[in-house]
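Undergrad: Predicted model and sequence follow; I will ask about them next.
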Amino acid sequence: MTIKEALAAKVMCPVSDATLDVALLDRSLTGATTYSAVTHKTDVDKTVMDVLVMILTQPDIVEGGYSLSHPGFLDKVRERLKQLAASLGLDDPLATPTPTIKSPSVW
């Protein structure tokens, strides 16, 4: 199995080859390299997170004649993203920082 095939399997929803290729290039990974969980798991999991963020930020999910419109689909993508971040020891990439007031006076 190649790194690109592992990435596609871990993304778990249809995305274009171009999307996978861009995500791999952004992480300096070569998709044709043989995947090794020992060597590549962390980098591939981070790349999965990149792809999931791309999915969440695109207006429609369409691949060829196939489109995803399942009502809970994006919620599942968000949960998968949170799970991956937690397993990698990273902050939730979707968390909105809570604003804090440092001083009640503006003067």
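TA: Thanks, I have the structure now. Numbering: from 1, shown residues only.
Undergrad: where's the spatially most central residue of the chain relative to residue 30, distance?
TA: By C-alpha atoms, centre = their mean, the chain has its centre lying nearest to residue 49, at 2.2 Å. Using C-beta to C-beta, to the nearest Å, residue 49 is found at 19 Å from residue 30. In this view, the C-beta of every residue, glycine as well, is placed from N, C-alpha and C.
Undergrad: before we move on, back to that, now do the contacts for the residue nearest to the centre of the chain.
TA: For residue 49, the contacting residues are 81, 84, 85, 88, 90, 93, by C-beta atoms under 8 Å, 6 or more residues apart in numbering.
Undergrad: For the lengthiest helix in the chain, C-alpha coordinates in CSV please.
TA: The single longest helix within the chain, with elements called by DSSP state H, is helix 37-57. Extracted as CSV, the C-alpha positions of helix 37-57 are listed here (Å, rounded to 0.1, in the frame of the first residue of the first chain):
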residue,chain,number,x,y,z
ALA,A,37,2.7,2.6,10.1
VAL,A,38,6.0,2.9,12.0
THR,A,39,7.4,5.5,9.8
HIS,A,40,4.5,7.4,8.3
LYS,A,41,1.4,7.1,10.6
THR,A,42,1.8,10.5,12.3
ASP,A,43,2.5,12.4,9.0
VAL,A,44,-0.4,10.6,7.2
ASP,A,45,-2.8,11.3,10.1
LYS,A,46,-1.9,15.0,10.0
THR,A,47,-2.4,14.9,6.3
VAL,A,48,-5.9,13.3,6.9
MET,A,49,-6.6,16.3,9.2
ASP,A,50,-5.6,18.7,6.4
VAL,A,51,-8.0,16.9,3.9
LEU,A,52,-10.8,16.9,6.5
VAL,A,53,-10.4,20.7,6.9
MET,A,54,-10.6,21.1,3.2
ILE,A,55,-13.8,19.1,3.1
LEU,A,56,-15.3,21.2,5.9
THR,A,57,-14.5,24.4,4.2
